[in-house]
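> Make a model of this:
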Amino acid sequence: MNAVEHIDNFIHISTYYPMHQTLLKFFDEDKIVNIDTQFLYTGPNIIPGDKQTYHNFGKWFHSITLSQIEKRDTKKDNEFISYIANKMETLIGHEFLQSMNTKDINILCWVDDQRVADILFKHYLVYFYEINNVYFIDNNYINKYIFQHQGEQVESLFTKPWSYKSIKRVFDNKQKLSKSEYQFLKKSWANILNFNGYIRIYENEVLRNEEENYFDTIILERLKKEAQNQTYRNKHNLKENIPDGYIKLSFLYAIMMSEYQLTDSFVITRLIQLIEQKQIDYMEVNKDNENLSLYHKMLQHYFIKIKP
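Next up, the predicted model:
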């Protein structure tokens, strides 16, 4: 019998795909759940078990991708909305809800309070689910006490030499939320339900809603900053013979996704809006494939700058 077989009924939940892949090495696939948390950052609020909110999210997601795809078959629009709605229902719908509320199943969530995805997920769990049977595993504890040796810098958890023994030590140190933590998280998510806005921002330990144009100012500021980066110009623009002030759109796109944890479709949507509002100017280079969607054309061929 291996070191983890004594752990009774549990479902493991991770918001980070590499952790999901690590655990699949030790546990059956039906015991491991990976949650895509993008629905927590952007879009209408989704209520578990409420099919109308799944449909509303699908309709919103369709609206932000509509301008990115050329040569659309409009007959497929409703199919696309239904596809997204069904995806959301599978992700957090009835089956997941039932497992969360089953008293004899332990739910084990890997969290890192430095990751906004995990912070939002904890809020969501507390507000919508009965969490008497939910335990949290602290990634910071793992790095400090499970893997870190004297003189060794903390690395990614997923490059570490996982074993059944280390998995057992991790599970033995799972924790429940305190009553005060539970009340704080529940109240915080309840507060954002009372305000409009499809963007969830967590800043200075406060959760709030913002309008969809919230990141526009940040996009413009980063565009201005990166366009003044001479190192970037020497590496990219001179090779392409691009005028001063322009940077490749895909470069800014990657910054917004990695630093602010935004989805690809959302970032492209905001860039399209800023171009249409004439706040950003663009030039298209190397038009070698006219059959590309607008999304792929922007990523492959657009250079952009602040509109003078």
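
> For stretch 280-289, which outside residues touch it?
Outside of stretch 280-289, the residues that reach it under the criterion CB atoms under 8 Å, 6 or more residues apart in numbering are 220, 223, 240, 242-243, 246, 249, 271, 274-275, 297, 300-308. C-beta here means a position set from N, CA and C on the backbone, and glycine is covered the same way.

> how does it look with 7 Å?
With CB atoms under 7 Å, 6 or more residues apart in numbering as the contact definition, stretch 280-289 has outside contacts at 223, 240, 246, 271, 274-275, 301-307.

> downstream neighbour of whichever strand or helix holds Y282 in the secondary structure list?
Element membership of Y282, judged by DSSP states H and E, is strand 280-284. Toward the C-terminal end, the helix or strand that comes next after strand 280-284 (DSSP H and E) is helix 294-301.

> Okay, buried residues for whichever helix or strand comes after that following helix please.
Proceeding C-terminally, helix 294-301 gives way to strand 302-306 as the next helix or strand, assigned by DSSP H and E. Across strand 302-306, burial judged by 16 or more other CB atoms under 10 Å covers Y302, F303, I304, K305.

> beta partners of the last one?
Under DSSP bridges, the beta-bridge partners of K305 are D281.

> Between the buried residues of strand 302-306, which sits nearest F215?
Comparing the buried residues of strand 302-306 against F215 with CB to CB picks out I304 as the nearest, at 15.3 Å.

> hang on, that closest one packs against S250?
No - between I304 and S250 there is no contact, the gap being 9.9 Å when judged by CB atoms under 7 Å.

> quick one: the helices in the stretch 201-308 of the chain?
Taking DSSP state H, counting those that start in this stretch as the criterion, the stretch 201-308 of the chain contains helices spanning 216-227, 230-232, 238-240, 249-260, 264-276, 294-301.

> and the last one, how far from the chain's centre?
Centroid displacement of helix 294-301 relative to its chain, using CA atoms, centre = their mean, to the nearest Å, is 22 Å.

> I32: what's it in contact with?
H12, H20, L23, L24.

> ok, now with 6 Å
By CB atoms under 6 Å, 6 or more residues apart in numbering, the residues touching I32 are H12, L23, L24.

> can you tell me how far it sits from F26?
Counting by CB to CB, to the nearest Å, the separation of I32 from F26 is 9 Å.

> got it, and V134?
Using CB to CB, one gets 20 Å for the distance from V134 to F26.

> Please apply the same query to E212.
Using CB to CB, one obtains 41 Å as the distance from E212 to F26.

> Quick one, grab the pLDDT at the most centrally placed residue in the chain.
The residue lying closest to the centre of the chain (CA atoms, centre = their mean) is Q38, at 3.9 Å. Confidence at Q38, expressed as pLDDT, is 81.

> Hmm, T263 and it touching each other?
Yes - counting by CB atoms under 6 Å, Q38 touches T263, with 5.1 Å between them.

> Using the record's assignment, carve this protein into domains.
Recorded structural domains for the chain (assignment: automatic domain parsing) are 10-49+93-192, 216-306.

> So for the last one, mean pLDDT?
I take that to be domain 216-306. The pLDDT scores in domain 216-306 average 85.

> Quote the end-to-end distance of that domain.
Across domain 216-306, the straight-line distance between its terminal residues is 12 Å, by CA to CA, to the nearest Å.

> roughly how far apart are E276 and Q300?
As defined by CB to CB, E276 lies at a distance of 20 Å from Q300.

> scratch that, K87 is what I was asking about
Applying CB to CB, one obtains 27 Å for the distance of K87 from Q300.

> Now do stretch 294-308: distance from first to last residue.
Between the opening and closing residues of stretch 294-308 there is a gap of 24 Å (CA to CA).

> Of V134 and F26, which one has the most company?
Relative neighbour count places V134 above the other of V134 and F26, with 21 against 18, counting by other CB atoms under 10 Å.

> Isn't the more buried one up against N106?
No - under the contact definition of CB under 6 Å, V134 does not touch N106, with a separation of 8.0 Å.
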